[in-house]
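Colleague: got a structure for you, letters missing:
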Ligand SMILES: Nc1ncnc2c1ncn2[C@@H]1O[C@H](COP(=O)(O)OP(=O)(O)OP(=O)(O)O)[C@@H](O)[C@H]1O
């Protein structure tokens, strides 16, 4: 099933055209990577697909509904209930402990209950941070913080997880744990993932990779080989970026 599709998507910031006619569709269950040089428009595209940013021109469909026809209230509901976000900078609240950070969406909507607390514990267990539940963010490593952010993104049981350079601030060991967590979410929890990265190693975990250059899709690569040969293919393609 197609979850998001875009046709001829254009995004301008003032006179600057960042996206110049993007067409793509994302199917339920895919792990889509977006790779490209700094300034190629990766984050802008991710924000548009994540319904955070509007398009200047073109059509964006979310589950076959044209986004421009949805009310702000409906868009906010979709973002809150059906989408999850993970960012390079983690965005944890320094004054809340790990458990409270994961539960934050429910504190905001004042809908904390025992089943949601249990869900938070199951997620912490799954991502190896259960013993850290009472720690504050400044007591955690970068990789641990990102796993907290991943649990928070999953607490609403979203259908799609958007990740913007989720390993960008991590050393390679922590980065590997985080990317493997995302892979696990995709393969075993059935979540669709759309991830921006500039790192070919991280991109090799994706089932499909969009190569972005100066606001256009240079190539849309299907990963139908093993990870190492996909990595080699990506390295080759990156010379064209
Ligand atoms: N809100 C904004 N207002 C004006 N220009 C913007 C805005 N957001 C992004 N840009 C510009 O659009 C271009 C693409 O930005 P974007 O963040 O999408 O690129 P990127 O490929 O994700 O880059 P990076 O890898 O450095 O994060 C950049 O030149 C950036 O300066």
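Modeller: Arrived safely. Computed from a predicted structure; not experimentally measured.

Colleague: Give me the next element, helix or strand, following the lengthiest helix in the chain.
Modeller: Criterion DSSP state H: the longest helix present in the chain is helix 172-188. Where DSSP states H and E defines the elements, the next helix or strand beyond helix 172-188 is strand 192-197.

Colleague: which residues of this structure fall in helices?
Modeller: 42-49, 72-82, 98-108, 114-126, 142-154, 172-188, 200-203, 227-238.

Colleague: in the second one, what's buried?
Modeller: Spelled out, that is helix 72-82. Buried residues in helix 72-82, counted by 16 or more other Cβ atoms under 10 Å: 78, 79, 82. For the C-beta atoms, the positions are set from N, CA and C on the backbone; glycine is no exception.

Colleague: Return the closest of the residues you listed with respect to the ligand.
Modeller: residue 79 (18.2 Å; Cβ to the nearest ligand atom).

Colleague: residue contacts, the closest one?
Modeller: By Cβ atoms under 8 Å, 6 or more residues apart in numbering, the contact list for residue 79 reads 50, 51, 52.

Colleague: Let me know the closest of these to residue 86.
Modeller: Nearest to residue 86, judged by Cβ to Cβ, of those is residue 50 at 10.8 Å.

Colleague: Enumerate the residues of the chain near the ligand.
Modeller: 13, 18, 36, 38, 39, 40, 41, 42, 43, 44, 198 (Cβ under 6 Å from any ligand atom).

Colleague: is it true that the last one touches residue 36?
Modeller: Yes. Using Cβ atoms under 8 Å as the test, residue 198 is close enough to residue 36 to be in contact (7.3 Å).

Colleague: Common neighbours of the two, please.
Modeller: Contact criterion Cβ under 8 Å, 6+ apart; residues shared by residue 198 and residue 36: residue 42.
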